[in-house]
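[1] Starting from these lines, generate the structure:
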Amino acid sequence: MERVSKTPTTSAKTPESSIGNPTTLTGEGLHILVIRLSAMGDVAMTAPVISALTEQYPKIKITVLTRGFFSPIFSNIRNVTVYEADVKGKHKGLFGLWKLYKELNHLNINMVADLHNVLRSNILKQYFRLGSVPFNQIDKGRTAKKALTSLTHKIFEPITTTHQRYADVFGNLGLPIDLKMASLLPKRPIANSTKELVNGKEQKWIGIAPFAAFAGKMYPLDLMEKVVHTLNKTGGYKILLFGGGEQEKNLLEKWAINYKNSINLVGKLTFKEELALISQLNLMLAMDSGNAHLAALFGIPTLTLWGVTHPYAGFYPFKQDPQNALLADRNQYPLIPTSVYGNKYPPGYENVMRTIAPEEVLSKIEEILNS
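    Below you'll find the predicted structure:
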């Protein structure tokens, strides 16, 4: 097992184009469209950057183009509204994106910050060029990521963080951001129905999100159940289980039945209610996944478990202590990281996360909660 020994790179040289005219540098009268359509973790990572932008340029107006489901992430960030992209419905395909552009054009957008840089946003870029609207896109750092994840010529060193890459897009538009000055989002009040569901603040609340999009970054469920079993046995914790989908719901329901101090939250709360509950946790235990980033938004101590991915790829939760990451053993599996998303790994790397013992996870939980 390995811990992160140094903080991944969080700064990049401010581009010369960030030295804009006085109006641009104050943000007065500017309306910026921010594009980030998916996935949840990536959308969540935009929030502290956008929050920092509005703090440092308080006269600016932001419209975030994303899925409607993600709207609660941006609640209470001043001067920010969400415009829903229905990419599977009315905004699907070339004609749908043209319709979306026409809708957005009525909002009097001055600049576009594309934090996604995918086919859909590239099509929108061509449309915005018709109106000569400045349009800057994220540099995903594919070359650096390829070198980091290479199986033969690996360059194992931290690369520019995703948060900084987002910030650089605004810098290129003449709005440099200092992420060190970024504030965390305030805790949100939870509904009475959520309080009744959780039932009992006398215990410490530990959120556990055991799932990830790809197997390469998911802690083995039998080991995670051992963690839940031990936490449950102490009686001192309320274990709140996060997930989504029918299969995850059924598995977590079994845990909730077997361990009386645990609660399966799948299907019982809206996303808005989940976010409020996450903001009140004492600790979140998650993979290299979306729930880790949601907890980090509120400064919740977040313990992350890493398999074939690695914090050096730039996806570490915002402002979290680098020591709050438990990594698979690179001495035993020296090719880690083998991919950025956890979807690629060579034969023999299926069980890398078994090098993180449940006892190590439990010890780290106690360390964080008692610090």
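[2] Is residue 66 bridged to anything, and to what?
    residue 84 (DSSP bridges).
[3] Please verify my assumption that it contacts residue 42.
    No. Using CB atoms under 8 Å, residue 66 is not in contact with residue 42; the gap is 9.9 Å. From N, CA and C alone the C-beta is placed, and that goes for glycine too.
[4] For these two, indicate the residue with more neighbours.
    The residue with more neighbours, out of residue 66 and residue 42 and counting by other CB atoms under 10 Å, is residue 66; that gives 23 against 18.
[5] what about the helices in the stretch 201-350 of the chain?
    Applying DSSP state H, counting those that start in this stretch to the stretch 201-350 of the chain gives helices spanning 221-234, 246-258, 271-278, 290-297.
[6] Among these, which comes closest to residue 214?
    Smallest distance to residue 214 across the helices of the stretch 201-350 of the chain (CB to CB): 12.6 Å, for helix 290-297.
[7] The closest one vs helix 271-278, what angle?
    60 degrees (axes from the mean of the first three to the mean of the last three CA atoms, to 10 degrees).
[8] what's helix 290-297 packed up against?
    Packing partners of helix 290-297 (3 or more CB pairs under 8 Å, 6 or more residues apart in numbering; DSSP states H and E): helix 40-56, strand 204-209, helix 271-278, strand 283-287, strand 302-306.
[9] Residue 315: what's its closest spatial neighbour, skipping adjacent residues?
    Nearest residue to residue 315, sequence neighbours excluded (CB to CB, 6 or more residues apart in numbering): residue 162, at 5.6 Å.
[10] thought that neighbour was touching residue 45?
    Yes. With contact defined as CB under 8 Å, residue 162 counts as touching residue 45 (5.5 Å).
[11] the more surrounded of the two?
    Each of residue 162 and residue 45 has its neighbours counted (other CB under 10 Å); residue 45 has more, 27 against 24.
[12] okay but residue 82 is in contact with residue 74, surely?
    Yes. Contact criterion CB under 8 Å: residue 82 and residue 74 qualify, at 5.6 Å.
[13] Overlap of the contact sets of the two?
    In terms of CB atoms under 8 Å, 6 or more residues apart in numbering, residue 82 and residue 74 are both contacted by the residues residue 64.
[14] coming back round to it: residues contacting the residue nearest to residue 315?
    42, 45, 314, 315.
[15] Which member of those is positioned nearest residue 137?
    Nearest to residue 137 among those, with distances taken as CB to CB, is residue 42, at 14.3 Å.
[16] Can you tell me, leaving aside adjacent residues, what's nearest to the closest one?
    Nearest residue to residue 42, sequence neighbours excluded (CB to CB, 6+ apart): residue 36, at 6.4 Å.
[17] Also residue 251?
    Nearest residue to residue 251, sequence neighbours excluded (CB to CB, 6+ apart): residue 221, at 7.1 Å.
[18] Distance of the one you found relative to residue 55?
    The spacing between residue 221 and residue 55, counted by CB to CB, to the nearest Å, is 41 Å.
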